[in-house]
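Novice: when you get a sec, could you give me coordinates for this:
(chains A and B)
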Amino acid sequence: MSAAPVKSESAATGPAEPAAKPRRAGLFRTAWGFGRTKVGVVLTAAIVLIALFGPYISPHTDTALVAEPYVTSADGSPFGTDYLGRDVFSRFLYGGQILLLLAASAALFGTLAGTVLGIVAGYRRGWLDELIMRTNDILLAFPQLIAALLIMSIIGPQAWLIVVIIGVTHMPRVARVIREATLRIVEQDFVKSAEAIGVPRWKIMVREILPNVTSPLLVELGLRLTYSIGIVAVLGFLGMGLQPPDADWGLMINENRLAITVQPWAVALPVAAVAVLTIGANLITDGLSRASIGIDRGVEK
Amino acid sequence: MIRLIINRLFFGLVTLFAVSLIVFLATQALPGDAASAILGRDATPERLTALREQLNLGDPVAVQYGKWLLAALTLDFGTSFASGYPVAEYLAPRLSNSLWLMAFAAIIGTPLALALGSFSAMRRDRGVDHATSMVTLVLASLPEFVVGIVLILIFSTGWLSLFPPIFAGGSGAVWQYPGQLVLPVLTLVIAVSPPIIRMMRASMIEVLESEYVQQARLKGLPEKTVIRRHAAPNAIGPVAQVIALQLAWLAGGVVAIEYLFRFPGIGLALMDAIDARDIPLIQAVVLLIAGVYIVVNLLADIVGLAANPKVRVSAK
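Specialist: Numbers count the residues shown, from 1 in each chain, chains lettered A, B, ... in the order given. The predicted structure is shown next:
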């Protein structure tokens, strides 16, 4: 039963595609017209490439001890060693993969769940709407980082848990936006006419409403991705993300920050990667949001 | 409007109650024996017995929650496992430290952001405006601890050893060590300001194009007076909600910053409590932060309602 809507969603793209696709391609084309979007794509692509292919070009493995701890440079280690004497550059090349994977999964999961809730709440209205939105209000009462810390401190830091918690904290924020968008769509005639000829409600939600909320949906996805990267990195930095001896940018910052004045590279490299990645993702999101609504997006952090 | 506000207040209370329930369930009513789950590897028979007693584990869950909530209402969060002090006594000085930090950030950041936003709006589409827009967009995307580390890299390492990279403090109140406060406060200011700057710019542009500002200019008022007396006060209204939201964000955002600078506030207390699995302390800090977050958000809501003339007039 739960699989049915998903299946028909892919089936539904058949007839819905001619209407939806030009609009989506248009959004990307308009967004691409802004210089900042191009800069964002270049920055993001650079970091993603480093994260994906870094392990294959890395001079050492991520756990090999190559020299004394906290050397600023050594033979074969252009950026020196970390607090255990491992090569900083190699750990930097290894450290992005899991962060990207976790952030992307969390953003996708949160946006997907939030979209479903938002469309259902906005279309069905009534008690279901009330229930969903009031539950959302309660979830919104926790700052995202605090919610993650609370759960992680009890269950313990685990990769899947990071994805679930960040996803769940994204969910109400996405649902709010999508519900607003849905409320505007529901008023329109094509929804009313579909109702009049007796199209089932789930089909209206999937075929009529979903294709019409893709613009805010994509903007939300970009925004959630930016925040996910930040939160995954912060969790690693606080020692609540991936655990040693994994190579992870957030964890690297945590491990080496005490010697920041002695061996700044061990902190500067991962910080630069996280910074460039979030800036890139946010520039793309800004381009998308300008293309879709023509104004500045909201300010929620 | 009064009815709307009462409505919001009521939902705020309900939310606070639900939050306390979630915090309690997440930390105490774990499946199986909470005491051994909490202590994990550190479980010794004595610690287990002590913890079971402190958590009222003999009672049904609902009774446990009731006892805990009633105690929490009188600010009695139990005794910290790690330090042995009552939680309230342990947290009070740290809370005031955090509030000082946030107050400094808010007092410096808000006027600065408002001024920058207006300045940018008055030079719309010129170089300064584009630069501000780009810089705020970049700063808004950075996680706050990244901002802090970059500041440390610039100001505390190498040849520019201006400020210490950590807050060492001393016996006095935190504001007695301004040199050590500079970096943490600056980090928070940079983390909080960008959305306020952007919103103020947008709002100011709208106001500057309005007819009453045109009218003020046409009747020959000097531009300074036009901005100060007519434009700025009207532009700030819509921004107030954004300011409140950003201040609410501070409540949670302060955790990573305090951890980075070893600043002795509630955020650092939370991280230390997590390290020591100090459950009563974790519960108290999370409730505290969520409470502040809810209250400030509520204020933002009310400010938003008050700033909306439609609501204000229709529901007199």
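
Novice: quick check: which element contains the nearest residue to residue B:282 once chain neighbours are set aside?
Specialist: Computed as CB to CB, 6 or more residues apart in numbering or on different chains, the closest residue to residue B:282 that is not its neighbour in sequence is residue B:273, at 4.9 Å. C-betas here are computed from N, CA, C, even on glycine. Per DSSP states H and E: residue B:273 is located in helix B:266-275.

Novice: could you confirm residue B:196 falls within a helix?
Specialist: Yes: counting by DSSP: H, G, I helix; E, B strand; the rest coil, residue B:196 falls inside a helix.

Novice: that one reaches residue B:105, doesn't it?
Specialist: No: between residue B:196 and residue B:105 there is no contact under CB atoms under 8 Å: 11.8 Å.

Novice: what does the helix holding residue B:273 rub up against?
Specialist: Helix B:266-275 is contacted by residues A:149, A:152-153, A:238-240, B:80, B:82, B:90-91, B:94-95, B:98, B:254-259, B:262, B:278, B:281-282, B:285-286, B:288-289 when judged by CB atoms under 8 Å, 6 or more residues apart in numbering or on different chains.

Novice: break chain A into its domains for me.
Specialist: Under automatic domain parsing, the residue ranges defining each domain of chain A are A:29-95+A:247-301, A:96-243.

Novice: and those, which one is worst for confidence?
Specialist: When the domains of chain A are compared by mean pLDDT, domain A:29-95+A:247-301 comes last with a mean of 80.

Novice: ok, the residue of the stretch 101-250 of chain A found nearest chain B - contacts?
Specialist: Nearest to chain B, among the residues of the stretch 101-250 of chain A, is residue A:143, at 2.7 Å (CB to the nearest CB). By CB under 8 Å, 6+ apart, the contact list for residue A:143 reads B:249, B:251-253, B:289-290, B:293.

Novice: please redo it, this time with the cut-off set to 10 Å
Specialist: By CB atoms under 10 Å, 6 or more residues apart in numbering or on different chains, the residues touching residue A:143 are A:149, A:169, A:301, B:248-255, B:286, B:289-290, B:292-293.

Novice: give me the pLDDT for the residue of the stretch 1-150 of chain B found nearest chain A.
Specialist: Using CB to the nearest CB, the single residue of the stretch 1-150 of chain B nearest to chain A is residue B:141, 3.2 Å away. pLDDT for residue B:141: 86.

Novice: what segments of chain B are helices?
Specialist: B:2-27, B:34-39, B:45-54, B:61-73, B:87-122, B:127-141, B:144-155, B:178-208, B:211-218, B:223-225, B:232-261, B:266-275, B:279-307, B:309-314 (DSSP state H).

Novice: other SSEs contacting the fifth one?
Specialist: Looking back up the chat, that one is helix B:87-122. Packed against helix B:87-122 by the contact rule (3 or more CB pairs under 10 Å, 6 or more residues apart in numbering or on different chains; DSSP states H and E) you find helix B:127-141, helix B:178-208, helix B:232-261, helix B:266-275, helix B:279-307.

Novice: buried stuff in the longest one?
Specialist: What it means is helix B:178-208. For helix B:178-208, burial by neighbour count (16 or more other CB atoms under 10 Å in any protein chain shown) applies to B:180-205, B:207-208.

Novice: pLDDT below threshold where in the stretch 1-150 of chain B?
Specialist: B:28-43, B:52, B:54-59 (pLDDT under 70).

Novice: who's in contact with the residue of the stretch 1-150 of chain B closest to chain A?
Specialist: A:40, A:223, A:226-227, A:229-230, A:275, A:277-283, A:285-286, B:194.

Novice: just the buried members of the residues you listed?
Specialist: A:40, A:223, A:226-227, A:229-230, A:275, A:277-283, A:285-286, B:194.

Novice: neighbours of the residue of chain B at minimum distance from chain A, how many?
Specialist: When scored by CB to the nearest CB, chain B has residue B:252 as its residue closest to chain A, at 2.7 Å. Neighbour count for residue B:252, taken as other CB atoms under 10 Å in any protein chain shown: 22.

Novice: isn't it right up against residue B:291?
Specialist: No: with contact defined as CB atoms under 10 Å, residue B:252 does not count as touching residue B:291 (11.8 Å).

Novice: please identify which of the helices and strands packed on helix B:87-122 is closest to residue B:23.
Specialist: Comparison of the helices and strands packed on helix B:87-122 against residue B:23 by CB to CB identifies helix B:279-307 as nearest, at 5.4 Å.

Novice: the stretch 101-250 of chain A: helices as residue ranges?
Specialist: Assigned by DSSP state H, counting those that start in this stretch, the helices in the stretch 101-250 of chain A fall at A:126-140, A:144-155, A:159-186, A:189-196, A:201-203, A:214-237, A:249-256.

Novice: report all helices and strands that the second one contacts.
Specialist: It refers to helix A:144-155. Using 3+ CB pairs under 10 Å, 6+ apart, helix A:144-155 is in contact with helix A:159-186, helix A:214-237, helix B:2-27, helix B:34-39, helix B:232-261, helix B:266-275, helix B:279-307.

Novice: now the fifth one
Specialist: Helices and strands touching helix A:201-203, by 3+ CB pairs under 10 Å, 6+ apart, are helix A:4-32, helix A:97-124, helix A:189-196.

Novice: hmm, try it at 8 Å
Specialist: Here helix A:201-203 touches helix A:4-32, going by 3 or more CB pairs under 8 Å, 6 or more residues apart in numbering or on different chains; DSSP states H and E.

Novice: list the buried residues in the following helix or strand past the helix it packs on.
Specialist: Using DSSP H and E, the helix or strand that follows helix A:4-32 in sequence is helix A:35-57. Neighbour-count burial for helix A:35-57 flags A:36-37, A:39-41, A:43-44, A:47-48, A:50-51, A:54-55 (criterion: 16+ other CB under 10 Å).

Novice: what about whatever helix or strand comes next after helix A:35-57 and chain B, touching?
Specialist: Using DSSP H and E, the next helix or strand after helix A:35-57 towards the C-terminus is helix A:88-94. No: using CB under 8 Å from any CB of the partner chain, helix A:88-94 never reaches chain B; the gap is at least 14.6 Å.

Novice: give me the distance from helix A:88-94 to the chain's centre.
Specialist: 23 Å (CA atoms, centre = their mean, to the nearest Å).

Novice: which residues touch that helix?
Specialist: The set of residues external to helix A:88-94 that reach it, using CB under 8 Å, 6+ apart, is A:50, A:54-55, A:57-62, A:64, A:77-82, A:247, A:249, A:252, A:263, A:265-266, A:269-270, A:273.
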